[in-house]
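S.K.: task: produce atomic coordinates for the following.
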Amino acid sequence: MINQINADSKLVTLIARIEKTILSTGNNGSNYLILNLVDMSGRIEARLWNSTDKDSEELKNGEIVKIEAATNVYRQQLQLKVNSYEIIKEEDFAKHDIKEEMFSISAPINVDNNYEKLIDFIESIKNDIYRTLTLSIIKQYEVEFKTYPAAVSIHHNVIGGLFWHSYSLLMGAKAIKDVYKYAEIDWELVYCGAILHDIGKVIEMDGKNASEYTDEGRLLGHISIGNTFVSNKAIELGYKDSREVLKLQHVILSSHGKNEYGSPVEPNLIEGVIISSLDAMDARIYKINDELAKVEKGAWTGRILSEEGRSYLNHYDKKESN
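M.R.: Next up, the predicted model:
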């Protein structure tokens, strides 16, 4: 498994799924492939030097591949240098004693149990319009909401990541309610906005193992798709001219906080400030923690593009402190 590989492994045999293949050209003019590999234990980057057109045709996104590789550390991160590979087709899984579910990372929460808790919570919301809209949209896209990732690579890019991220925002909002009880905040708007802020990703993401975005996702983006969900559902339920619908649309449209971060509008409701702040925090914590897990204690991560190119020090081991 990927999490069993370390710098002392030297030569390894690994079966993994290719999440993404990137064709690049070295300083010497030769092509090489960067393979982002995944199994249920983690992710690792591998490189096939001096690759051919045949390699590019065979090593495609989604393929299960068995590789023989050497380990090396580049910029404090473990990498694999592919010496040889074999594509494993589904009909040969039994021969290799593997199953499809071995090659995906799942959210570290019980999605089914927490989904039931989420539905119970939505049903307890007093505002009829917030409750009915949110419940109807979530139930319409239940399968996708529970299984899709929240992004291809930036954050929560695991099976169930969309639910995990949305549920985390809801839990965060509930946790701070007492802290800000002095403020004039419609917490039910915050809760429903947190649940629905990324619902457009059920169209934007290309399946539960998404390594690419759909055409609709690329052309429209999940924020505008989610806004359309609310608009269409409001018309269907007879809420077209409701101020509650307008406010729910606004907190979805402003959920990235700033125009330059992808929000069509910036928050003009205090509830939008809360949702966009929680959204940014949850995504940042996930990404930074994911990068910290790739380096040893005492080492620095690589530069994280979503953190304006900053690196972070791995200074703490949660297991050691328990």
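
S.K.: for the least confident helix or strand in the chain by mean pLDDT, packing partners?
M.R.: Using mean pLDDT, DSSP states H and E, the weakest-scoring helix or strand in the chain turns out to be helix 318-321, at a mean of 76. Identification of packing neighbours for helix 318-321 by 3 or more Cβ pairs under 8 Å, 6 or more residues apart in numbering; DSSP states H and E yields no helix or strand. Every residue, glycine included, has its C-beta placed from N, CA and C.

S.K.: name the nearest residue to residue 263, ignoring sequence neighbours.
M.R.: In this structure, residue 263 finds its nearest non-sequential neighbour in residue 256, 4.0 Å apart by Cβ to Cβ, 6 or more residues apart in numbering.

S.K.: residue contacts, the one you found?
M.R.: The contact partners of residue 256, by Cβ atoms under 8 Å, 6 or more residues apart in numbering, come to 223, 262, 263, 276, 279, 280.

S.K.: show me the chain divided up by domain.
M.R.: Using automatic domain parsing, the domains assigned to the chain come out as 2-103, 111-288.

S.K.: among these, which is the most enclosed?
M.R.: Mean neighbour count (mean count of other Cβ atoms under 10 Å) peaks for domain 111-288 among those, with a mean of 19.

S.K.: distance between that domain and the chain's centre?
M.R.: 14 Å (Cα atoms, centre = their mean, to the nearest Å).

S.K.: what about it, start to end distance?
M.R.: 23 Å (Cα to Cα, to the nearest Å).

S.K.: any idea how far residue 157 is from residue 36?
M.R.: Per Cβ to Cβ, to the nearest Å, residue 157 is found 10 Å from residue 36.

S.K.: strands along the stretch 51-200 of the chain, start to end?
M.R.: Assigned by DSSP state E, counting those that start in this stretch, the stretch 51-200 of the chain shows strands spanning 64-74, 77-88.

S.K.: phi, psi for residue 45 please.
M.R.: Main-chain dihedrals, residue 45, degrees, to the nearest 10: phi -100, psi 140.

S.K.: nearest residue to it other than its sequence neighbours?
M.R.: Here the residue nearest residue 45, using Cβ to Cβ, 6+ apart, is residue 79, at 5.3 Å.

S.K.: quick one, what contacts the one you found?
M.R.: With contact taken as Cβ under 8 Å, 6+ apart, residue 79 is in contact with 44, 45, 46, 47, 71, 72, 73.

S.K.: still on that earlier bit, which of the domains of the chain has the lowest mean pLDDT?
M.R.: For the domains of the chain, the weakest mean pLDDT is recorded on domain 2-103, namely a mean of 91.

S.K.: and that one, end to end?
M.R.: So domain 2-103: terminal residues 10 Å apart, Cα to Cα.

S.K.: if we can go back for a sec, how far away is the residue nearest to residue 263 from residue 265?
M.R.: Noted for residue 256: a distance of 10 Å to residue 265, by Cβ to Cβ.

S.K.: intersection of neighbour lists for those two?
M.R.: Overlap of the contact sets of residue 256 and residue 265 (by Cβ under 8 Å, 6+ apart) is empty.

S.K.: adding distance to residue 234 and secondary structure, write the contacts of residue 256 out as a markdown table.
M.R.: A markdown table is the format used below for the contacts of residue 256 (distance: Cβ to Cβ, whole Å; DSSP: H, G, I helix; E, B strand; the rest coil):
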| residue | distance to residue 234 | secondary structure |
| --- | --- | --- |
| 223 | 17 | helix |
| 262 | 23 | coil |
| 263 | 21 | coil |
| 276 | 22 | helix |
| 279 | 23 | helix |
| 280 | 27 | helix |
